[in-house]
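*Asks:* Okay, sequence plus prediction incoming.
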Amino acid sequence: MSSIWITGADGFVGTWMRRALDRAGHDCAALVLPSSLDQFEHHPAIGLDLADLAAREVDDDGIDWSILPPPSGLIHLAAMSFAPECEQMPDMARAVDVVGPSRMYQSIVKQWPDWPIL
């Protein structure tokens, strides 16, 4: 069985996306901040801190994808999106919005090389 993975499933848009996919009958898995894992009793979930991932070496992502069902798709919603916060912390914004997601994609493709990322 495969599922749609959602980064930021604990955020405002992610919460609504997860509910809509549930209502439509899709299996979902949540990729959320480790501090939010306790909110996901009814979905497979993994703690994923994109800033932490950005700080790791490319070959040391530290992610155990086996916790989740294989992906059929990924909806990437995790981000620092409040512009004043990004301006105050540009290194953190780059880590969360650019480097972390890039490392996540690299890790996913390493595990599932034929999985398309659009």
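*Replies:* Ah, there it is. This is a predicted model, so every value here is computed, not measured.
*Asks:* Would you mind giving me the confidence score for Gln106?
*Replies:* pLDDT for Gln106: 89.
*Asks:* Against Asp27, how distant is Pro69?
*Replies:* Distance, Pro69 to Asp27, using Cβ to Cβ, to the nearest Å: 7 Å. Every residue, glycine included, has its C-beta placed from N, CA and C.
*Asks:* same check, this time on Pro71
*Replies:* Pro71 is 10 Å from Asp27, by Cβ to Cβ.
*Asks:* the more surrounded of those two?
*Replies:* Between Pro71 and Asp27, counting by other Cβ atoms under 10 Å, Pro71 is the more crowded of the two (18 against 14).
*Asks:* Identify the bridge partners of that one.
*Replies:* Ser3 (DSSP bridges).
*Asks:* and if you look at Gly47?
*Replies:* Val32.
*Asks:* wouldn't it be in contact with Gln39 here?
*Replies:* No. With contact defined as Cβ atoms under 8 Å, Gly47 does not count as touching Gln39 (11.5 Å).
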